[in-house]
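> Have a look at this prediction, sequence included:
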Amino acid sequence: MLAGVEVLSPFDGTVLCSRLDALKGLCDKVRNYNSKAKLRNLQWTKEQIHEKLVTNKGDLLKWEKLLNEVEKFKFIISYLSEAKRYVTDTALKSDIDVAIDHLGDVIVKGDAQRKQYMQELEQLKERYADYYLAAYVGAHLPATEEAQLTAIKNMPERQVAETVAQAVQADANLSIISLYDYDSWTQKFNGVRIAFPTVTKQTIMQTPFQNFNPVSEGGKPLPNLKELKQEIAIIHASMEEQIKAALEDPMAQQNKQILSQQEATLFDEFVSGHVSLTAQYVHPLLTVVKKLSTNFNVVELTMDSFRSRFNRPLDIDSAHNALSALIEDIINEQRLQGKKYEDIRIIIK
C-alpha cells in the first residue's frame, strides 16, 4: 500500500512470496551440485529448473523494478495525500484524489505512461503550492507590520487594561468592572498572524504544511492594526469610566470612611479628574474599588439571557418591556436569595 493505493494485492503478494521461497530453496540446493558426478543425480528436470530459475527469477526482477518505480512516486504521493487535508478548493481536492487513485493502474504500465503520470503529479503539487501560498498571504499580515503590532502590545493603555483584566479575573469583588470589550479585543489581537518570510512557494513545494491550516484558519478578514490601536484606547477609557462610576456609586460614597487617608485622597483626585488610570495608579485604584464594593451584589447578564428575551424582532415598546421584565426577574430572584434591593448591581459579561 502507498498512500492508501494498493500496488500489490495480499493474494498476489502471498503467491509471489511462496514462489520466491521455492526459488531460494532451489538455489541453496543447486550450489551443492558442483561436480559432474553430482549433476548425474540432479533431482529436477530441465523444465522444473527453467521454471524456477528463469520464470521465477524474471518475476522477481519484474517486481523489483516495479517496487523501485513505486519508490520514485513515494514522496510526491505522500506529499499530495497530506496536502489535500489543507485544501478548501473542491476542484483541486478532487483532482488530487483522482490522481492518487490512478497510481495502481499507472505503476504497472510502461515508462512513457509513468513519466507522464509523474508530470501530472508535479503539476498538481505546483497548483497546491500556489493555492496554499495565496491562502497564507490572505491570512497573515506582512512582516513589515510586526513592529506596529509590537507597538500596540506595548501601549500604556493596553498594559493598564491587561492589569485591570487580571485583577478582575482574580477577585470577585472587582466583578463590577466588565471585561467583555477587552476580552473581545484580546481575541482579535491574539488572532493577528505575521507572515514568515521563509514561507515561499519553494518551501511549500518541499513541505505542504507551514504552521497554517487554510481549512480551519483561512478565509477570515485580516485585522486592521489602526483600528486595534484605536479600540484599545477606547477600552482603556471605558475601564476608567467604569471605575469612576463604581466610586461615585452612593453605596461607595457611604463606605468611604473605611478608606485610609491616602486612599481617600486618591478617591477624590480620581473622581475629580486630577488622577487618571495609569500604571502608577491602577493597583491603588483597584484596591479602593475592592474595599468600597464589598457589599455590592453584582449580577452578570450574559448574551444567552438576552437571546432568551430578544429571540424575535420586537418593536420599541415590546423591546422596552422585555428588558424591564428581564431586570425585574433578576431583582426578584436576588430577593428570594435574601439580597437587598439597594445592593444589586447589574453588569453585562
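Structure received. Numbering: from 1, shown residues only.

> so how many other residues sit close to Asn255?
Neighbourhood size, Asn255 [other C-beta atoms under 10 Å]: 15. C-betas here are computed from N, CA, C, even on glycine.

> what do you get for Asn321?
Taking other C-beta under 10 Å as the neighbour definition, Asn321 ends up with a count of 13.

> Offset the numbering so it begins at 49, please.
Taking 49 as the first residue, the last one we looked at is Asn369.

> Give me the pLDDT value at it.
With respect to pLDDT, Asn369 scores 78.

> and if you look at Lys94?
pLDDT recorded at Lys94 is 66.

> Repeat that for the one 10 residues further on.
Looking at Asn104, its pLDDT reads 64.

> What of Ile392?
At Ile392 the predicted local distance difference test score is 54.

> same thing with Gln167?
Gln167 is assigned 95 on the pLDDT scale.

> Kindly report the same for Lys388.
Reported pLDDT at Lys388 in the predicted model: 56.

> do Lys338 as well
Note for Lys338: predicted pLDDT of 85.

> Roughly how far does the residue lying closest to it once chain neighbours are set aside sit from Ala215?
Across the structure, with C-beta to C-beta, 6 or more residues apart in numbering as the measure, the residue nearest Lys338 apart from its sequence neighbours is Asn221 (4.6 Å). Noted for Asn221: a distance of 10 Å to Ala215, by C-beta to C-beta, to the nearest Å.

> what is in contact with these two at once?
Overlap between the neighbourhoods of Asn221 and Ala215 is empty, taking contacts as C-beta atoms under 8 Å, 6 or more residues apart in numbering.

> Report the secondary structure state of the residue nearest to Lys338.
Using DSSP: H, G, I helix; E, B strand; the rest coil as the criterion, the local structure at Asn221 reads helix.

> what about it, how many neighbours?
Applying other C-beta under 10 Å, I find that Asn221 has 17 neighbouring residues.

> correct me, but it touches Ser341?
Yes: contact criterion C-beta atoms under 8 Å: Asn221 and Ser341 qualify, at 5.9 Å.

> got any residues that touch both of the two?
When contacts are counted by C-beta under 8 Å, 6+ apart, Asn221 and Ser341 have no shared neighbour.

> what kind of secondary structure is Arg206 in?
Using three-state DSSP, the structure places Arg206 in helix.

> Could I get the contacting residues of it?
If a contact means C-beta under 8 Å, 6+ apart, then Arg206 has 200, 280, 284 as its contacts.

> Now, those that are in helices?
When those are checked against helices (DSSP state H), the matches are 200, 280, 284.

> Which of those has the largest number of neighbours?
Neighbour counts for those were taken using other C-beta under 10 Å; the highest belongs to Ile280, which has 24 neighbours.

> gap between that one and Ser324?
According to C-beta to C-beta, Ile280 and Ser324 sit 16 Å apart.

> now swap in Val247 and tell me
As for Val247, its distance to Ser324 is 43 Å (criterion: C-beta to C-beta).

> Neighbour count: the two, which is higher?
Between Val247 and Ser324, counting by other C-beta under 10 Å, Val247 is the more crowded of the two (18 against 15).

> part of a helix, is Gln302?
Yes: assessed by three-state DSSP, Gln302 belongs to a helix.

> Looking at it now. What's its pLDDT?
The predicted local confidence for Gln302 is 77.

> neighbours around it, how many?
Residues contacting Gln302 under the criterion other C-beta under 10 Å number 11.

> how close does it get to Asn221?
Noted for Gln302: a distance of 17 Å to Asn221, by C-beta to C-beta.

> and if you look at Pro262?
Distance, Pro262 to Asn221, by C-beta to C-beta: 45 Å.

> any chance of the contacts of Arg206 in TSV, plus pLDDT and distance to Leu314?
Listed next are the contacts of Arg206 as TSV, based on pLDDT from 0 to 100; distance: C-beta to C-beta, whole Å:
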residue	pLDDT	distance to Leu314
Ile200	97	29
Ile280	97	24
His284	98	18
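
> would JSON lines of the residues you listed with distance to Ala183 be doable?
Written out in JSON lines, the entries for those read as follows (distance: C-beta to C-beta, whole Å):
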{"residue": "Ile200", "distance to Ala183": "25"}
{"residue": "Ile280", "distance to Ala183": "28"}
{"residue": "His284", "distance to Ala183": "35"}
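
> from these, which is closest to Ile225?
Each of the contacts of Arg206 was scored against Ile225 by C-beta to C-beta, and His284 proved nearest at 12.3 Å.

> Spatially nearest residue to the closest one (excluding sequence neighbours)?
Taking C-beta to C-beta, 6+ apart as the measure, His284 lies nearest to Glu205, with 3.7 Å between them; neighbours along the chain are not counted.

> For the one you found, give me its contacts.
280-281, 283-284.

> Try it again at 7 Å.
Residues in contact with Glu205, defined by C-beta atoms under 7 Å, 6 or more residues apart in numbering, are 280-281, 284.

> how about the helices in the stretch 99-248 of the chain?
Secondary structure of the stretch 99-248 of the chain by DSSP state H, counting those that start in this stretch: the helices cover 105-131, 138-149, 151-154, 159-186, 194-201, 204-218, 228-238.
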